[in-house]
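Trainee: Pasting the sequence and the predicted coordinates here, then a few questions.
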Amino acid sequence: MWTQLSSAITGLMLAWVMFEQYFPYQLRGYLQKYSQKLMSYVYPYIQITFHEFTSERLKRSEAFSAIQTYIGSNSTKTAKRLKAEVVRNNQPLVLTMDDYEEVTDVFNGVKVWWASSKTVPKKQPFSFHPVAEERRQYRLTFHTRDREVITEKYIEHVLKEGKAIAVKNRQRKLFTNNSSENWYGWKSTKWSHVLFEHPATFDSLAMETKMKEGIKKDLTRFSNGKNYYAKIGKAWKRGYLLYGPPGTGKSTMISAMANFLDYDIYDLELTTVKDNSELRKLLIETTGKSIIVIEDIDCSLDLTGQRKKTKEKDGDDDDDDKSDKEKDPISKKKSEAEKENKNRSKVTLSGLLNFIDGIWSACGGERIIVFTTNYVDRLDPALIRTGRMDKHIELSYCCFEAFQVLAKNYLELKSHELFGKIEELLGETKMSPADVAENLMPKSDEEDEEDCLKRLIKALETTKEEARKKAEEAALKAEEAALNG
Ligand SMILES: Nc1ncnc2c1ncn2[C@@H]1O[C@H](COP(=O)(O)OP(=O)(O)OP(=O)(O)O)[C@@H](O)[C@H]1O
Ligand SMILES: [Mg+2]
């Protein structure tokens, strides 16, 4: 048996050598051409191969990824051998077609075959670029008579569907910028990320229903506005300025926005950005369908510009001002951050404005930029003028409508006899939704809804009393000052 096989192989090899030696080059070309033609009569199928990596810089082919997702979602019903991957502990298994497996698909009554295979490239003795161990490819086979429908419609359908499924299944990410000291090598990591899993939604957000609905509408119009933005010649982006006292839900709203639109979040820490060019590099690295957030913009940088610097030089920063700062927690936060950032970040106001609406801001598309601040009046007018930050949203102290949302979320209460008293007190005093929520949270298993509501009433009364005393003291001081001339 082995001797027969080896003599057959030797015979074939001899025939090939004779063919190579005795047939002239042109004749060999003709023979190959006609044999292929002959084959196409016997085998009337066309094959297209999609490789995993593009030829340039080993980048993964987008078409391959889309096809993989498309086949993955369809093949689980038909393929006999599947590959299982666990993405995360609490996620279901992701099943894809195994290597060397074949599945069929039908499009407009036309049948096609998809097969997966892989090649292992020869090891490079020396290379600067890491070489992928295996390269996979998908082979699409279809009948010659279906050439038109497949090349003109089917492939486009597969790529579009694959991308849509990937968007639907993707795990959203929360990025934060690394300090430039940690950018290394040709594959520098400017952003690092974790999975974004914040549960906040617009339903759980406590604020006036009308305002909430308005914001949701605005976001939906933006995310569906690709053609509109192209038509009016504007970059597909929108700026929001969220302002209000601490604990009124600015950060929570950003998470709710990301969950509502299914976007990633880039939390940009400006104080670690060295200069404007670094800011631009960071921006280029962000992807579409994302929210870029700069929190506490008034603390991040000296965005009040040159005016403030000259003021400080003139010695305008008097003692009274300083003692005020010591009292006010927001100013304290601001001055601490200012001190820390002095000389560290050279990002300028103009650099930031360029980031918001300069030429570079258009790359990527479909992006929302959100600034938050506790003090809107401390920002430079250039930063908040109309057209720059498209929408200004004030998040304020808890109103009764907002309280109702919190009571429903925290205590599953839609009404209660104590609601009337709470409505009255909320109208007379200022308490942030964060503080209201804190009071509504049961502190032990023994506490019921009524205990929580009573605690809130007590807290509201204390706040009201403190505010009354403060106002009295201020009035007294003003009276004294008037008397002293
Ligand atoms: N409007 C709101 N609806 C629901 N929960 C809220 C709301 N505002 C605040 N909270 C609760 O209070 C906590 C603090 O809120 P959040 O961090 O969003 O406030 P903030 O406005 O960003 O404050 P800061 O100005 O200090 O950053 C949140 O974890 C959330 O549970
Ligand atoms: Mg916040």
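Mentor: Sure, I can see it. Ligands and ions are numbered 1, 2, ... in the order given.
Trainee: So which residues on the chain come close to ligand 1?
Mentor: 205-207, 246-252, 374, 395, 402, 433-434, 437 (CB under 6 Å from any ligand atom). (C-beta placed from N, C-alpha, C; glycine too.)
Trainee: Restricted to helices, list these.
Mentor: 250-252, 402, 433-434, 437 (DSSP state H).
Trainee: now, the most widely separated pair of those residues?
Mentor: 251 and 402 (16.0 Å; CB to CB).
Trainee: Who has more neighbours out of those two?
Mentor: residue 402 (26 against 19; other CB atoms under 10 Å).
Trainee: List the contacts of the residue nearest to that one when sequence neighbours are not counted.
Mentor: Closest residue in space to residue 402, ignoring its immediate chain neighbours: residue 206 at 3.7 Å, by CB to CB, 6 or more residues apart in numbering. Contact analysis of residue 206 by CB atoms under 8 Å, 6 or more residues apart in numbering lists 249, 398, 402-403, 405-406, 409, 433, 436-437.
Trainee: Those residues into CSV, with extra columns for distance to residue 289 and pLDDT?
Mentor: Below are the contacts of residue 206 laid out as CSV (distance: CB to CB, whole Å; pLDDT from 0 to 100):
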residue, distance to residue 289, pLDDT
249, 23, 95
398, 32, 95
402, 29, 95
403, 34, 96
405, 28, 95
406, 30, 96
409, 28, 93
433, 28, 96
436, 33, 96
437, 30, 95
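Trainee: Tell me the buried residues within those.
Mentor: Among the contacts of residue 206, those buried by neighbour count (16 or more other CB atoms under 10 Å) are 249, 398, 402-403, 405-406, 433, 436-437.
Trainee: which one of those residues sits closest to ligand 2?
Mentor: Proximity to ligand 2 was ranked across those by CB to the ion; first place goes to residue 249, at 8.3 Å.
Trainee: I figured the closest one was touching residue 436, is that so?
Mentor: No - Residue 249 is beyond contact range of residue 436, at 10.8 Å (criterion: CB atoms under 8 Å).
Trainee: quick one, strands of this protein?
Mentor: 45-51, 82-85, 94-97, 102-107, 110-119, 135-143, 173-177, 191-195, 237-243, 264-267, 290-294, 367-373, 391-394 (DSSP state E).
Trainee: hey, which of the ones you listed is tucked in deepest?
Mentor: strand 367-373 (a mean of 25; mean count of other CB atoms under 10 Å).
Trainee: what about the closest residue to residue 448 other than its chain neighbours, how many neighbours?
Mentor: Closest residue in space to residue 448, ignoring its immediate chain neighbours: residue 442 at 7.6 Å, by CB to CB, 6+ apart. Counted with other CB under 10 Å, residues neighbouring residue 442 total 14.
Trainee: Looking at the strands of the chain, which is nearest to ligand 2?
Mentor: Using CB to the ion, the nearest of the strands of the chain to ligand 2 is strand 367-373, at 5.8 Å.
Trainee: Which elements pack onto that closest one?
Mentor: If you count contacts as 3 or more CB pairs under 8 Å, 6 or more residues apart in numbering; DSSP states H and E, strand 367-373 packs onto strand 237-243, helix 250-261, strand 290-294, helix 297-300.
Trainee: ok, the third one near ligand 2 or not?
Mentor: The one in question is strand 290-294. No - figure legend: strand 290-294 not in contact with ligand 2 (CB under 5 Å from the ion); closest approach 9.6 Å.
Trainee: Show me which helix runs longest in the protein.
Mentor: Across the chain, the helix with the greatest residue count (assigned by DSSP H) is helix 449-483.
Trainee: Show me what that one packs onto, helices and strands only.
Mentor: Partner elements for helix 449-483 (3+ CB pairs under 8 Å, 6+ apart): helix 400-411, helix 419-428, helix 433-440.
Trainee: Tabulate those helices (a markdown table), appending distance to ligand 2.
Mentor: Shown next, in a markdown table, are the helices and strands packed on helix 449-483 (distance: least, CB to the ion, whole Å):
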| stretch | distance to ligand 2 |
| --- | --- |
| helix 400-411 | 17 |
| helix 419-428 | 22 |
| helix 433-440 | 10 |
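Trainee: Which one of the ones you listed lies nearest to residue 38?
Mentor: The nearest among the helices and strands packed on helix 449-483, by CB to CB, is helix 400-411 at 73.7 Å.
Trainee: Contacts for that closest one, please.
Mentor: 204-209, 398, 413-414, 416, 419, 422-423, 426-427, 433, 436-437, 440-442, 449, 452-453.
Trainee: May I see the PyMOL selection of the buried members of the residues you listed?
Mentor: PyMOL command restricting the contacts of helix 400-411 to the buried ones, with burial defined by 16+ other CB under 10 Å:
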select buried, resi 204+205+206+207+398+413+419+422+426+433+436+437+440+449+452+453
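Trainee: Quick check: closest non-adjacent residue to the most centrally placed residue in the chain.
Mentor: With distances taken as CA atoms, centre = their mean, the chain has residue 264 as the residue nearest its mean C-alpha position (1.2 Å). Distances taken as CB to CB, 6+ apart place residue 290 nearest to residue 264, at 4.3 Å, with adjacent residues excluded.
Trainee: Is it correct that the one you found is in contact with residue 262?
Mentor: No - counting by CB under 8 Å, residue 290 stays clear of residue 262, with 10.4 Å between them.
Trainee: distance of residue 431 from residue 466?
Mentor: Taking CB to CB, to the nearest Å as the measure, residue 431 falls 11 Å from residue 466.
Trainee: These two: which is more packed in?
Mentor: A count of neighbours by other CB under 10 Å puts residue 431 above the other of residue 431 and residue 466, at 20 against 11.
Trainee: Give the phi and psi angles for that one, as a check.
Mentor: phi -140, psi 140 (degrees, to the nearest 10).
Trainee: Now for the residue in the chain positioned nearest to ligand 2: which residues touch it?
Mentor: Going by CB to the ion, ligand 2 is nearest to residue 251 of the chain, at 3.3 Å. Contacts for residue 251 were tallied using CB under 8 Å, 6+ apart; they are 295, 372.
Trainee: From residue 435, how far out is it?
Mentor: 15 Å.
Trainee: what do you get for residue 248?
Mentor: Distance from residue 248 to residue 435, by CB to CB: 10 Å.
Trainee: got it, and residue 485?
Mentor: 41 Å.
Trainee: Comparing these two, which residue is more hemmed in?
Mentor: Just comparing residue 485 and residue 435: by other CB under 10 Å the higher neighbour count belongs to residue 435, 19 against 4.
Trainee: Cheers, nothing more for now.
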